[in-house]
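Model the structure of this input:
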Amino acid sequence: MSVLKSWKVADFTKRGDNYASDVTSVQVKYSMNDKEDSEVTYVVKLNPHRNFGEFQEAEPFLFEKEGKFYEELVPALNEVLMSAGQKPLRFAKCFLVSLEEGKEQLYLEDLRARDFKMFDRRKGMDEYHIALVISELARLHGASYLLTKKVLKGESAEARYEFLSKDFLDFTPNTKEMFVSWMQRCVDTGVIMLDRIGGYETASAWLKSFRCEVENILSSGIQSTRFSSICHGDCWNNNLLFRYNTEGRPVEVMLLDLQMCREASAASDLNYLLWTSVNGDVRKPNLHRFLSLYHSTYKEVLQGGDMPMHFTIEELMEEYRDKHKYGLIFALGIVPMMLTEPDEVPEMSDTDFETLMNGFREVSLEKLKTNPLCKPRFLSVFDEFMETGVIS
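Numbers count the residues shown, from 1 in each chain. Modelled structure (predicted):
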């Protein structure tokens with residue numbers, strides 16, 4: 001029998017670390033079976049109750065998606081993985097999910113106790129960090145394929161797990177308008193940045209016309225038949241933790257924040273990760289290596305489950321390129337903000353949506369002038385798009 005002795009809230013995150021929820025921790029002292037007191041810390045995600053109404057409408061759905069992913073999908077995915085002789089997926093343990101309206105909260109394992117750390121979002125991840133993330137995404141997607149084929153007998157994951165089908169574009173009409181508007185404004189900011197830099201007239205003109213494609217790409221442009229998978233949906237720097245060896249090299253990754261999980265093309269996760277969280281001088285020369293690692297890891301999962309591999313590395317590369325525009329949308333929204341200092345990030349809790357978006361734009365344009373990392377990281381996206389023929 002355990003007895004609660006005391007508890008206290010201990011905040012540990014900074015502005016810019018979290019956007020869709022408030023994250024804090026609870027330190028608990030307890031005794032068990034009359035033995036000496038013990039301590040444990042839980043990370044707690046809370047409904048932030050943003051002041052702008054459209055986001056408030058989305059918050060219950062976001063918590064439902066993440067909470068049910070932990071409660072329903074993680075056990076199912078891990079079961080098929082372990083049946084295939086694989087280790088469980090690298091997610092934090094989830095101890096409690098409460099979806100009471102207006103009081104949504106998740107209690108999760110504190111991974112700091114196992115020496116996991118967040119990578120500095122202002123830096124692009126190197127090949128060692130990315131290799132760990134790519135491998136774990138391949139294991140997630142491979143487990144999804146085994147689950148669909150061996151347990152669901154061909155039924156789609158979102159048909160069985162309805163929460164996967166809910167997204168910003170269909171939470172409510174207002175959330176759809178807000179989310180599409182946000183992404184289109186990020187495109188507009190990208191045009192302004194290209195025009196201020198100069199020498200990218202073709203890319204700027206292309207980006208202006210690309211604006212009208214945003215809603216369609218977000219709603220149906222990331223679907224696939226051959227590559228359909230349960231996807232993380234929000235796999236970027238802030239939603240990853242790493243554990244390091246004594247030499248400072250990353251040796252393990254943990255995937256966080258499943259509030260955007262969905263069933264979509266596996267290549268949507270790869271594009272999201274590689275266009276938001278990697279500098280061009282790492283992404284471009286290592287792309288074939290990254291996708292080969294993904295392919296071999298995915299194949300290993302399927303072989304463990306006695307399932308044949310169903311795509312080649314060439315087909316994966318084609319699918320990855322086909323989903324480039326999806327990666328671009330989020331690169332435009334995320335990259336400038338990743339290069340900000342914590343105190344420069346617009347405060348989301350005390351403003352309306354219009355003011356918030358104007359604040360993000362001002363910070364993005366200021367970073368273009370003051371942060372030497374911003375211009376090469378931003379321009380490398382368009383350089384590669386022009387080289388591969390996406391922009392012509």
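
Using CSV, write out every CA atom in stretch 319-330.
Provided in CSV are the C-alpha atoms of stretch 319-330 (Å, rounded to 0.1, in the frame of the first residue of the first chain):
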residue,chain,number,x,y,z
GLU,A,319,7.2,9.2,-52.5
TYR,A,320,9.5,11.4,-50.4
ARG,A,321,9.9,13.8,-53.3
ASP,A,322,6.1,13.7,-54.0
LYS,A,323,5.5,15.0,-50.5
HIS,A,324,8.0,17.8,-50.6
LYS,A,325,5.4,20.5,-50.7
TYR,A,326,4.0,19.3,-47.4
GLY,A,327,7.4,19.6,-45.8
LEU,A,328,7.8,23.1,-47.3
ILE,A,329,4.6,24.4,-45.6
PHE,A,330,5.9,23.5,-42.2
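
how distant is it from the center of its chain?
14 Å (Cα atoms, centre = their mean, to the nearest Å).

Flag every buried residue along that stretch.
Glu319, Tyr320, Asp322, Lys323, His324, Lys325, Tyr326, Gly327, Leu328, Ile329, Phe330 (16 or more other Cβ atoms under 10 Å). Quick note: C-beta positions are derived from backbone N, CA and C, even for glycine.

what's the average pLDDT for that stretch?
Confidence for stretch 319-330, expressed as mean pLDDT, is 95.

what does it rub up against?
183, 186-187, 210, 213-214, 217-218, 221-222, 224, 226-227, 236, 265-268, 270-272, 274-276, 291, 311, 381, 385, 388, 390 (Cβ atoms under 8 Å, 6 or more residues apart in numbering).

In terms of helices and strands, where is Val43?
strand 38-46 (DSSP states H and E).

And Leu4, by the same measure?
strand 2-9.

would you list every one of the strands in the protein?
2-9, 22-32, 38-46, 94-98, 105-109, 116-117, 228-231, 240-244, 250-255, 262-265 (DSSP state E).

Which residues does the fourth one contact?
Applying Cβ under 8 Å, 6+ apart, the external contacts of strand 94-98 come out as Tyr42, Gly67, Lys68, Tyr70, Glu71, Val74, Glu104, Gln105, Leu106, Tyr107, Leu108, Glu109.

try the third one
Strand 38-46 is contacted by residues 10, 21-32, 63, 66, 92, 95, 104-113 when judged by Cβ under 8 Å, 6+ apart.

now stretch 147-155
So stretch 147-155 is contacted by Ala76, Leu77, Val80, Ser156, Ala157, Arg160, Ser228, Ile230, Gly305, Met307 (Cβ under 8 Å, 6+ apart).

Can you select the buried ones from the residues you listed in ChimeraX?
Entered in ChimeraX, the line below selects the buried ones among those, by 16+ other Cβ under 10 Å:
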select :76,77,80,157,228,230,305,307
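
Select from the contacts of stretch 147-155 every entry located in helices.
Counted as lying in helices by DSSP state H, out of the contacts of stretch 147-155, are Ala76, Leu77, Val80, Ala157, Arg160.

Kindly reformat those as TSV containing pLDDT and distance to Thr202.
Converted to TSV, the ones in helices among the contacts of stretch 147-155 look like this (pLDDT from 0 to 100; distance: Cβ to Cβ, whole Å):
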residue	pLDDT	distance to Thr202
Ala76	98	47
Leu77	98	44
Val80	97	47
Ala157	96	40
Arg160	95	46
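
of these, closest to Phe179?
Closest approach between the ones in helices among the contacts of stretch 147-155 and Phe179, by Cβ to Cβ: Ala157, at 22.3 Å.

can you tell me which residues contact the closest one?
Ser144, Leu147, Thr148, Leu164, Ile230, Glu263.

How about the fifth one: what's its closest non-neighbour residue?
Meaning Ile230. Residue nearest to Ile230 in three dimensions, not counting chain neighbours: Ser144, with 3.9 Å by Cβ to Cβ, 6 or more residues apart in numbering.

And the pLDDT at that neighbour?
Ser144 is assigned 98 on the pLDDT scale.

Kindly report the same for Thr355.
In this model, Thr355 carries a pLDDT of 77.

The residue nearest to Ile230 against Ala76, yeah?
No - assessed by Cβ atoms under 8 Å, Ser144 is found out of contact with Ala76, at 9.7 Å.

Specify which member of the ones in helices among the contacts of stretch 147-155 is nearest to Met193.
Among those, and counting by Cβ to Cβ, the member closest to Met193 is Ala157, at 37.6 Å.

and Leu302, how far is that from Lys65?
Counting by Cβ to Cβ, to the nearest Å, the gap from Leu302 to Lys65 is 26 Å.

Look at those two and report which has more neighbours.
Using other Cβ atoms under 10 Å as the criterion, Leu302 and Lys65 rank with Lys65 on top: 22 against 18.

measure that one to Gln259 for me?
Taken as Cβ to Cβ, the span from Lys65 to Gln259 is 6 Å.

From Asp188, how far off is Ser181?
10 Å.

Check the average confidence over stretch 7-23, would you?
73.

Start and end of that stretch, how far apart?
17 Å (Cα to Cα, to the nearest Å).

Enumerate the positions of the helix or strand of the chain with the lowest mean pLDDT that are buried.
In the chain, no helix or strand scores lower on mean pLDDT, DSSP states H and E than helix 353-370, which sits at a mean of 79. Using 16+ other Cβ under 10 Å as the test for burial, helix 353-370 gives Phe353, Leu356, Met357, Gly359, Phe360, Arg361, Val363, Ser364, Leu365, Lys367, Leu368.
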